[in-house]
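Asker: this is a predicted model, with the sequence first.
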Protein chains: 2
Amino acid sequence: MDKSTGRPTKKKVVAVVGGGLVGALNACFFAKRGFNVEVFESREDIRQAKVVKGRSINLALSHRGRQALKHVGLEEKIVSQGIPMHARMIHSPSGKQSPIPYGKKGQVIFAPSEAETYPNTKLNFEHKLHDWTAETGLMTFVRSDGSKEQIKADLIVGCDGAFSAIRKQFLRRSRFNYSQTYIPHGYMELTMPPINGQFAMKPNYLHIWPRNTFMMIALPNLDKTFTCTLFMPFEEFEKITTGDEVIEFFQKYFPDTIPLIGSDALRRDYFRLPAQAMVSVKCSPYHINDKCVLMGDAAHAVVPFYGQGMNAGFEDCIVFDEIMEQFNEDFSSVLPEYTRVRVPDDHAIADLAMYNYIEMRAHVNSKWFLFRKHVDNILHFIMPRTIIPLYTMVTFTRTRYHEAVERWHWQDKNDIFLIFHTWLQAWLFTALWGCLGKGHNDL
Amino acid sequence: MDKSTGRPTKKKVVAVVGGGLVGALNACFFAKRGFNVEVFESREDIRQAKVVKGRSINLALSHRGRQALKHVGLEEKIVSQGIPMHARMIHSPSGKQSPIPYGKKGQVIFAPSEAETYPNTKLNFEHKLHDWTAETGLMTFVRSDGSKEQIKADLIVGCDGAFSAIRKQFLRRSRFNYSQTYIPHGYMELTMPPINGQFAMKPNYLHIWPRNTFMMIALPNLDKTFTCTLFMPFEEFEKITTGDEVIEFFQKYFPDTIPLIGSDALRRDYFRLPAQAMVSVKCSPYHINDKCVLMGDAAHAVVPFYGQGMNAGFEDCIVFDEIMEQFNEDFSSVLPEYTRVRVPDDHAIADLAMYNYIEMRAHVNSKWFLFRKHVDNILHFIMPRTIIPLYTMVTFTRTRYHEAVERWHWQDKNDIFLIFHTWLQAWLFTALWGCLGKGHNDL
């Protein structure tokens, strides 16, 4: 315990690179353990900056994320800032709205606007990573005035997002497995302002406009605006080149949103930024020796079609913390174990999000898919403990992602088997009775 | 036609980066079309350099590669340098040798020692790529004396191998899909010298020592040596740390090779270089605008378990040339079309090589696998035109890789169906007769 500050101190320095959601939460976990935590963020202090719009997809906090926040005493604070969403609200092309509740009653998803930082740590904004060495932990940052700052860290935690600068060093080393996959869809964010100081639509819903190969969603913000996110193949985005074409497009597919967003705003905002790409990143290992570890999007960017990107990143922090406990904070044991334990789960959620993207595009109208969903629900109703829908396991439990997927495959296989078995019995029954009847007639 | 040189000239400059096998062959294709071809290679002239050993896996030239060589008139030259291999020779742990012939008679695989360069092109050795711009085609190279050279190319062809410098620029751009996967096995090359000026083993064979999780192969060279390549998991390589342990290991698994390689050479050469990693690289697209295209290992490094790495790279050149013909050498049409046509085939062969690696490890002793191989052979015997083993399609035809794989999946599925169908008929037949019999008895 350091008497001057009244906080527990340790000699070891943990440098967290990236001050986004996962970086900020990680800083809390390390600070809570008494490490000297230095957070480096290339952008200016986001708490002081004007809101940077149109660059981040709205995030939904569910069970895994909440568990991680709870661990550092932030759950209530963040959750109280969020807007609970009880259901999805489906908007038809004619403007008709139909609510579809989420899972069981009492389970809600929250959309936090911002993650606050735990006090026990030093934040260094406008510090851009210039160079670093995995062997020594020596890092050089460039400040906004061009001056350089060096720091020697005992542990470097790369939380610098899908286009991680830390990860680039991993790529230069041998035997680092890596994949980045862009999907053909892009996204664009549009703001729906408040009307007379109130939300323009019902706030406690995830609003969805499903339109086959593309869709729009809207999530409420604390300032009473909605962020509308339009997902569409890049080639469709590129077809729209004038303000009139924007209005024509919205008239056809999202007519109810035109008065709410405003047709002038629509004409203007559609061209403010080009549609953004979405990437799925998987890699392995997550660590170099006992010096560096990747977490959050830096380790596993996922496409946003399972609502688990932030939750997986937050769960990374809690999983790492659990392993720190298990191995007495010995980085040389903790880091390899973290890779061993976490890689299969992060790969599973990345695959699942991609699967959901493909499924959404291909099967949204398929009868087989609807039939399967129906069978799942019936089986869950008959055997609630044995058959748990995948979505429930992923969103409302901390079942390891890869185990959830394995269990789902098992259920899937056995559903088919069950159906086939029943069919075979029925068929045999008919065939045998038919043949017996025939036998009788022949005699 | 340029009268001073007597060769056809065009204003357009094609810069081929990388003077390996695919770069050299590509230079021939572009030179044959009359382009001003500049080849840049960071190493010294390999034709003058001492042989760089232990770094390259021995290569086998089969149908696709030969077709590409034939197109630029190099087939006979290269093939006459090669050593025909009629069969695989399997070495048991006791030293017993059993030949297994390749496919049908008359089909042989060649191992070229070196690809000569077509004369109609300028070779720039010891030129290391420093920087380049995809928009303008401006490239800067650093020579071995540190001086810089600039060149403006109309087309940049990246043939600079699995760790391509050209590809790095692709990675910085958005919407470039990329994956690199290292396998747990490494490889090490050892040389078996001639005995009394003659090959130490029968030369016209691919010698194989299969030993479950690891194996050794040996391929003959023109200088009467054999290059022995040991494939083994990295963790097994790392267990061997002394010369005595090397001998002990070879005594146990490859006793017949110790007198042929020489025990002193073995003790020494095992530690000369660490075991090398093997990577599978897939990416897409292969081009940037009308300026740059990737070919060979730069576009698709494959693990060496289907013997198609070099053949796929050579086939890239012929496919590109076919598209050049089709689109009148208009790069803005040729490059996107090349990506569209070639990506699925290169991905298919990369996957197939990886599949073969996994299959070799997992199924080498599995009864199901042997049973399937047996079924394939019977079906091929009954219906030679309908059922063509995958290996034959890949190695001895120019069937597009992805079509070969699709056809193989079709055959696989239909084999199962055929077997199931036959079984069902037999079962029904028995069941119905049984029930009829029962019917009789009951009366």
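Answerer: Great, that's in hand.
Asker: quick one: the helices in the stretch 151-300 of chain A?
Answerer: A:165-172, A:234-239, A:243-253, A:258-261, A:263-269, A:297-300 (DSSP state H, counting those that start in this stretch).
Asker: which helices and strands does the fourth one pack with?
Answerer: In other words, helix A:258-261. The contact analysis (3 or more Cβ pairs under 8 Å, 6 or more residues apart in numbering or on different chains; DSSP states H and E) places helix A:258-261 against strand A:177-192, helix A:243-253. (Each C-beta comes from the backbone N, C-alpha and C, glycine too.)
Asker: on that earlier part again, now the helices of the stretch 151-300 of chain A in a markdown table, with mean pLDDT and mean neighbour count?
Answerer: Output for those, formatted as a markdown table (pLDDT from 0 to 100; neighbours: other Cβ atoms under 10 Å in any protein chain shown):
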| stretch | mean pLDDT | mean neighbour count |
| --- | --- | --- |
| helix A:165-172 | 94 | 18 |
| helix A:234-239 | 95 | 14 |
| helix A:243-253 | 96 | 15 |
| helix A:258-261 | 96 | 16 |
| helix A:263-269 | 95 | 15 |
| helix A:297-300 | 96 | 29 |
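Asker: make CSV out of those helices and add distance to residue B:95.
Answerer: Formatted as CSV, the helices of the stretch 151-300 of chain A follow (distance: least, Cβ to Cβ, whole Å):
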stretch, distance to residue B:95
helix A:165-172, 44
helix A:234-239, 61
helix A:243-253, 74
helix A:258-261, 80
helix A:263-269, 77
helix A:297-300, 49
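Asker: contacting residues for whatever residue of the stretch 101-250 of chain A ends up closest to chain B?
Answerer: Nearest residue of the stretch 101-250 of chain A to chain B, counting by Cβ to the nearest Cβ: residue A:179, 3.4 Å away. Residues in contact with residue A:179 (Cβ atoms under 8 Å, 6 or more residues apart in numbering or on different chains) are A:280-283, B:178-181.
Asker: 10 Å - rerun?
Answerer: Going by Cβ atoms under 10 Å, 6 or more residues apart in numbering or on different chains, residue A:179 touches A:279-284, A:347, A:350, B:177-181, B:282-283.
Asker: closest to residue B:393 among these?
Answerer: Comparing these against residue B:393 with Cβ to Cβ places residue B:282 closest, at 20.6 Å.
Asker: one step back: got the helices and strands packed on helix A:258-261 as a markdown table, with distance to residue B:226 columns?
Answerer: Conversion of those to a markdown table gives the following (distance: least, Cβ to Cβ, whole Å):
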| stretch | distance to residue B:226 |
| --- | --- |
| strand A:177-192 | 33 |
| helix A:243-253 | 67 |
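Asker: where does the stretch 151-300 of chain A have low pLDDT?
Answerer: Residues of the stretch 151-300 of chain A meeting the criterion pLDDT under 70: none.
Asker: near chain B, which residues of it show up?
Answerer: Residues of the stretch 151-300 of chain A lying close to chain B (Cβ under 10 Å from any Cβ of the partner chain) are A:163, A:168, A:171-172, A:174-184, A:186, A:234, A:274, A:276-284.
Asker: identify the farthest-apart pair in the contacts of residue A:179.
Answerer: Spanning the widest gap among these are A:347 and B:283, at 19.4 Å by Cβ to Cβ.
Asker: those two: which has the busier surroundings?
Answerer: Regarding residue A:347 and residue B:283, a neighbour count based on other Cβ atoms under 10 Å in any protein chain shown identifies residue B:283 as having more, with 24 against 18.
Asker: sorry, back to before: out of the helices of the stretch 151-300 of chain A, which gets nearest to residue A:17?
Answerer: Using Cβ to Cβ, the helices of the stretch 151-300 of chain A put helix A:165-172 closest to residue A:17, at 5.4 Å.
Asker: check what contacts that closest one and list those residues.
Answerer: With contact meaning Cβ under 10 Å, 6+ apart, helix A:165-172 is reached by A:15, A:17-18, A:42, A:128-134, A:139, A:156-161, A:164, A:176-178, A:281, A:283-288, A:292-294, A:297-299, B:163, B:168, B:171, B:178, B:180.
Asker: looking at this, residue A:139 is in a strand?
Answerer: Yes: Residue A:139: assigned to a strand according to DSSP: H, G, I helix; E, B strand; the rest coil.
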